[in-house]
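Participant: sequence first, predicted coordinates after that:
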Amino acid sequence: MFDALETFLATEKPAILVEIAGAKGSTPREKDAWMLVSKKAQIGTIGGGQLEYLAIDHARMLLAEKKHALKLDIPLGPEIGQCCGGRVEIVFTPVDSAVAENLTARLKADDAENPHVYIFGAGHTGKALAAALAPLPLHTIAVETRAHELNGLAAGVETICVAMPEAMVANIPPHSAVVILTHDHALDFLIAAEALKRGDLAYVGMIGSATKRATFAKWLQREGGKPSALNRLTTPIGGKTKDKRPAVIAALTTAEILVKLANGKSTKATNSERKTKK
């Protein structure tokens, strides 16, 4: 997004910053959603549909100096062909150097707050998952023991090659998501065990099957882990679909991760686990 914004600001002049300054009721986007509009191009979105078409048209009328209102209050009802039922206030600001710098700073601040998703394993499904996550407001990190597998990942995905990936789990930022799909079941188990020791991860998922889950449960108990920790492990990932194609698993797993992150849930230890630790 930074590269796209930089290119737009450099090549599309003049331009108008279109922002949602207020949102009431049911609306396509939230307050502070934005887009940039030039005479022939656009970047960003305030929700699409008729609302966005009206905003783009108004911005281009401003650029052509045929309209002068820099603020619109729009009800999302039948009069504009939408049935959301809410109301939005849209502000139009001509882009100058100060506006461009402020928008870039906002993007950087938003990016710093994006959750982290660690993908352990960059095989076929790992690459598909990285590709699904890359366009989203997330920091996506692919971790591998095999350097060559880190080639061909989606743009913007950070890569880490490390001999013992399970050892880095303790340093993952709180409220991150961890997805485990390496080439080695034993390595999967080691990483999962370390992740389940954490009480502050939003999502811990491991590729596999009901049989693999049962095998992991026995292994975890043998290694001194608590059976209740399994309640905090999602496996198989991607739900109960029978379609095992990497892109399908990636899409469904992405949805699982986003729901967990949006709900602010963490894989907190259960009461029984906490009592045991005491």
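Facilitator: Thanks, I have it. Just so we're clear, the structure is a prediction, and the values are computed from it rather than from any experiment.
Participant: outline the domain layout of the protein.
Facilitator: Following automatic domain parsing, the chain resolves into domains at 2-111, 114-277.
Participant: which stretches in the stretch 51-200 of the chain count as helices?
Facilitator: Here the stretch 51-200 of the chain has its helices, by DSSP state H, counting those that start in this stretch, at 97-112, 124-133, 185-197.
Participant: among the domains of the chain, show me which one is buried the most.
Facilitator: Among the domains of the chain, the stretch with the highest mean neighbour count (mean count of other Cβ atoms under 10 Å) is domain 114-277, at a mean of 18. In short, each C-beta sits where N, CA and C put it, glycine included.
Participant: so what's the model's average confidence on that domain?
Facilitator: Mean pLDDT, domain 114-277: 90.
Participant: if we can go back for a sec, as CSV, the helices of the stretch 51-200 of the chain with distance to residue 6 would be great.
Facilitator: Below are the helices of the stretch 51-200 of the chain laid out as CSV (distance: least, Cβ to Cβ, whole Å):
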stretch, distance to residue 6
helix 97-112, 8
helix 124-133, 22
helix 185-197, 36
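Participant: which one of these lies nearest to residue 58?
Facilitator: For residue 58, the closest of the helices of the stretch 51-200 of the chain is helix 97-112, at 17.3 Å, according to Cβ to Cβ.
Participant: show me what that closest one is packed against.
Facilitator: Judged by 3 or more Cβ pairs under 8 Å, 6 or more residues apart in numbering; DSSP states H and E, helix 97-112 is in contact with helix 2-11.
Participant: show the model's pLDDT score for residue 23.
Facilitator: With respect to pLDDT, residue 23 scores 86.
Participant: neighbouring strands of the helix or strand containing it in the sheet, and parallel or not?
Facilitator: Assessed by DSSP states H and E, residue 23 sits inside strand 15-24. According to DSSP bridges, strand 15-24 forms sheet pairs with strand 34-38 (antiparallel), strand 87-94 (antiparallel).
Participant: C-alpha coordinates for that strand, PDB please?
Facilitator: Provided in PDB are the C-alpha atoms of strand 15-24 (Å, rounded to 0.1, in the frame of the first residue of the first chain):
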ATOM      1  CA  ALA A  15      -6.000  14.900  -6.500                       C
ATOM      2  CA  ILE A  16      -8.700  15.000  -3.800                       C
ATOM      3  CA  LEU A  17      -8.600  13.200  -0.400                       C
ATOM      4  CA  VAL A  18     -12.100  11.800   0.300                       C
ATOM      5  CA  GLU A  19     -12.700  10.800   3.900                       C
ATOM      6  CA  ILE A  20     -15.500   9.600   6.000                       C
ATOM      7  CA  ALA A  21     -15.600  12.200   8.800                       C
ATOM      8  CA  GLY A  22     -18.700  10.700  10.500                       C
ATOM      9  CA  ALA A  23     -20.700   7.500  10.300                       C
ATOM     10  CA  LYS A  24     -24.100   6.800  12.000                       C
END
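Participant: who touches that strand?
Facilitator: Residues outside strand 15-24 that contact it (Cβ atoms under 8 Å, 6 or more residues apart in numbering): 8-9, 27, 29-38, 46, 55-56, 59-60, 62-63, 71, 86-95, 99, 103.
Participant: cool, stretch 57-68 as well?
Facilitator: Identification of contacts with stretch 57-68 by Cβ under 8 Å, 6+ apart yields 14-16, 18, 37-39, 69-70, 72, 90, 92, 94.
Participant: picking up where we left off before, quick one: the strands paired with strand 15-24 as JSON lines, columns for distance to residue 168 too.
Facilitator: As requested, those are exported to JSON lines (distance: least, Cβ to Cβ, whole Å):
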{"stretch": "strand 34-38", "distance to residue 168": "36"}
{"stretch": "strand 87-94", "distance to residue 168": "44"}
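Participant: so which of the ones you listed comes closest to residue 142?
Facilitator: Nearest of the strands paired with strand 15-24 (Cβ to Cβ): strand 34-38, 30.0 Å.
Participant: mind checking pLDDT for the residue of the chain most remote from its centre?
Facilitator: Residue farthest from the centre of the chain, counting by Cα atoms, centre = their mean, is residue 66 at 39.3 Å. Listed pLDDT for residue 66 reads 80.
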